[in-house]
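1. With the input below, show me the fold.
(chains A and B)
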Amino acid sequence: MAPISNTLKLGRFRLNLLGIIYFVIAITILIIWLYPLFLTLSTSLKTEIEILQSPLALPKRPSFDAFFKTWELLGFGSLLKNSLIIASGSVFIGMVLSSIPAYAFSRYQIPGGDVIFILLLTGMMLPQQTVIIPLHEILRRLGLLDNLFGLMIVHAAYGMPFNMLVMRGFMANIPKELESAARVDGCSDFGVYRHIILPLTLPAFAVAGTLNFINIWNEFFFAIILLNSQSNYPVTVGMITIQQSRYFSAWNTPAAALIMAQLPTILLYLLAHRYITQGILAGAVKG
Amino acid sequence: MRALQSSGGMSESIQDLRDGLRHVWLGYRQHQFIYLAGVGLPLLVFIAFVGIPILYTVYLSLFNWDGIGIQKTFIGLQNYQTLIVDPSFLLSLKNTTIWTLLTLLVPVSMGFLLAIFLTSAQVYMRGTIRSLLFLPTTMSLVTVGIMFSLILNPIFGAMNIVLRNMGLGFLQRDWLSDTSINLYTLIFTYAWLWVGFPLTMFFAGIRQISAELYETAQIEGANVFQTTRFVTIPLLRPVFTAVMVIAVINSVKAFDLVFTMTRGGPYGRTSVLGYYMYLQAFLSYRYGYGAAISVIILIISSVFAYVYLRHIAGESLHGAD
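-> Next comes the predicted model:
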């Protein structure tokens, strides 16, 4: 909170020497921090010879060859498709499961409600390692091992507490008068939920859903243990097979694979970063 | 609570219990939809996906089981007795401890300092800079692990090339094979990814502190350090608790980076609890032994989860709303 005097107002920014110095420091930190990502992008656009000659230089003539090669030889289409199915399916099931409980815990005096809610939240705090052996066994017996739907249910169940936390926070801000009015008009519990709460909490679906989608897209531990066959692999698991393949000897193909694997969530983040930040703060339980 | 407070003896507490159950029953009769879909359903999911699996993990840890056959041999606490003398387990435990401490130290304090810098210096575009520093946090640990494997490759990797170009060639290392540093390489890779999380939490926390407090501090002649020490840090205490608990739990379950960057190697030198459990259960088919490691992970993380959830409970259930 350094006192700033003799400042020139420029739009909403106050421009002064100290301000410029601070800005340059911050931008330098940002550039250094994101450099690995930038380097990967630049490498993916170079030819193998170019990488060997000048590993750090920018691509002279950007070429997308590495992307085409990775896509075709490593079956990237199937990996991205599986990730998309798993993530969106899980988010959908998770949302359906969480919305009514969020409403119940935000509005109703349920005996022992606080304790139950906290208990449900522990589900999202405990490391996956503590449940994986039984889960593996249960899914195997249900014939859902190495099955996209099986993995979806698991993700949906573990995403539920987080969704509940985010949605419950939103519901707390809906004026109670709206509900009372509907009840006077003869709405049932379900009616109030369906006609008042659900439409008003759609933003909460977006907040919880985006973050959930990114988390599941990036998830690795459940996926590598609960899926066995190449045709079911999501992109995180597929990357491991790529890492072990012979295409890993050249730098541009793995770099292109990394960019393709992460591009959907990076774009999602750039488009919806406000939702994601909101979700992080509201959920603040999952890192 | 009511049952505990009543001192009138058995009959009264039975009466209380009956009143309680009647209360629940009446609530249920009145709000069936809410009780079934709003409380029953999530409880069922919890029991199926958390309750039963955890109890079963604890149960399995008392058995010798290869995961394939149906016969499990009850061996009591023998898995735990093996654990405490298993050098690989002890090394993993030690590595997890180092991982936890360094994660608490490096990304948390970096995120805090950055948040203080961005807000108190009122850096232009601080919101955008904050969002971009969070970008790595939205990436998968697998992608980041492979990316840094490329960058840290001793021969072709950018890290050593950059060091050479800067005239710091003597700092070049085989970052992932040199056993004196490779664990730290993994932890710093994690720090790279994760720093955006504490930064975001602190950044938002500081914004919620009333501007008047800072103005008062300024009028009193406090400098940035004093303001941080006496205004910001005390008021951010809940945020610190949240960030630190999450840091600990994430460290205890660390797996992805170890898997992608070193596979715990060389010679298990970079193994951590989360990885060793996987290795034992799913690669060596020692499910009982793996379950025992899971129980250790469970004990450590539930202590911290409890601290945190008690804090959330105080905050959101009785405070804010």
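
2. The residue in the stretch 51-200 of chain A positioned nearest to chain B: which element?
-> Minimum separation of the stretch 51-200 of chain A from chain B (C-beta to the nearest C-beta) falls at A:Ala104, amounting to 2.6 Å. The way it works is simple: take the backbone N, C-alpha and C, and place the C-beta from them, glycine included. Per DSSP states H and E, A:Ala104 falls inside helix A:76-107.

3. Give me the nearest residue to the residue of the stretch 51-200 of chain A closest to chain B, chain neighbours excluded.
-> B:Gly38 (2.6 Å; C-beta to C-beta, 6 or more residues apart in numbering or on different chains).

4. List the contacts of that neighbour.
-> Counting by C-beta atoms under 8 Å, 6 or more residues apart in numbering or on different chains, B:Gly38 touches A:Ile100, A:Pro101, A:Tyr103, A:Ala104, A:Phe105, A:Tyr108, A:Ile110.

5. same check, this time on A:Leu258
-> Counting by C-beta under 8 Å, 6+ apart, A:Leu258 has contacts A:Thr40, A:Ser44, A:Met239, B:Thr143, B:Ile146, B:Met147.

6. Hmm, A:Pro36 and the last one touching each other?
-> Read that as B:Met147. Yes - using C-beta atoms under 8 Å, B:Met147 is in contact with A:Pro36, at 6.2 Å.

7. Those two: who's more crowded?
-> Using other C-beta atoms under 10 Å in any protein chain shown as the criterion, B:Met147 and A:Pro36 rank with B:Met147 on top: 26 against 20.

8. Shouldn't that one be within a strand?
-> No - assignment of B:Met147 by DSSP: H, G, I helix; E, B strand; the rest coil gives helix, placing it outside any strand.

9. quick one, what contacts it?
-> B:Met147 neighbours (C-beta under 8 Å, 6+ apart): A:Pro36, A:Leu37, A:Thr40, A:Leu258.

10. how about low-confidence regions in the chain?
-> No chain was given, so I picked chain A. For chain A, applying pLDDT under 70 flags the ranges A:1-15, A:246-248, A:284-287.

11. The chain in question should be chain B.
-> Using pLDDT under 70, the flagged stretches of chain B are B:1-10, B:69, B:312-321.

12. I'd like the next helix or strand past the helix or strand containing A:Thr28.
-> Taking DSSP H and E as the criterion, A:Thr28 maps to helix A:17-44. Downstream of helix A:17-44, the next assigned helix or strand under DSSP H and E is helix A:48-53.

13. Buried residues, that following helix. List them.
-> Buried residues in helix A:48-53, defined by neighbour count with 16 or more other C-beta atoms under 10 Å in any protein chain shown: A:Glu50, A:Ile51.

14. again, but for stretch A:54-72
-> Buried residues in stretch A:54-72 (16+ other C-beta under 10 Å): A:Pro55, A:Pro59, A:Ala66, A:Phe67, A:Lys69, A:Thr70, A:Trp71.

15. Distance to A:Ile224 added to these, as TSV?
-> Listed next are the buried residues of stretch A:54-72 as TSV, based on distance: C-beta to C-beta, whole Å:
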residue	distance to A:Ile224
A:Pro55	31
A:Pro59	33
A:Ala66	25
A:Phe67	25
A:Lys69	25
A:Thr70	20
A:Trp71	22
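
16. among the residues you listed, which are in helices?
-> Secondary structure from DSSP state H places A:Ala66, A:Phe67, A:Lys69, A:Thr70, A:Trp71 of the buried residues of stretch A:54-72 in helices.

17. mind checking how far the second one is from A:Ala157?
-> Spelled out, that is A:Phe67. With distances taken as C-beta to C-beta, to the nearest Å, A:Phe67 is found 36 Å from A:Ala157.

18. And for the first one?
-> A:Ala66 sits 38 Å away from A:Ala157, going by C-beta to C-beta.

19. try B:Gln71
-> For B:Gln71 relative to A:Ala157 (C-beta to C-beta), the value is 30 Å.

20. With A:Phe117 instead?
-> With C-beta to C-beta as the criterion, A:Phe117 and A:Ala157 are 16 Å apart.

21. out of the two, which sits in the more crowded spot?
-> A:Phe117 (26 against 23).
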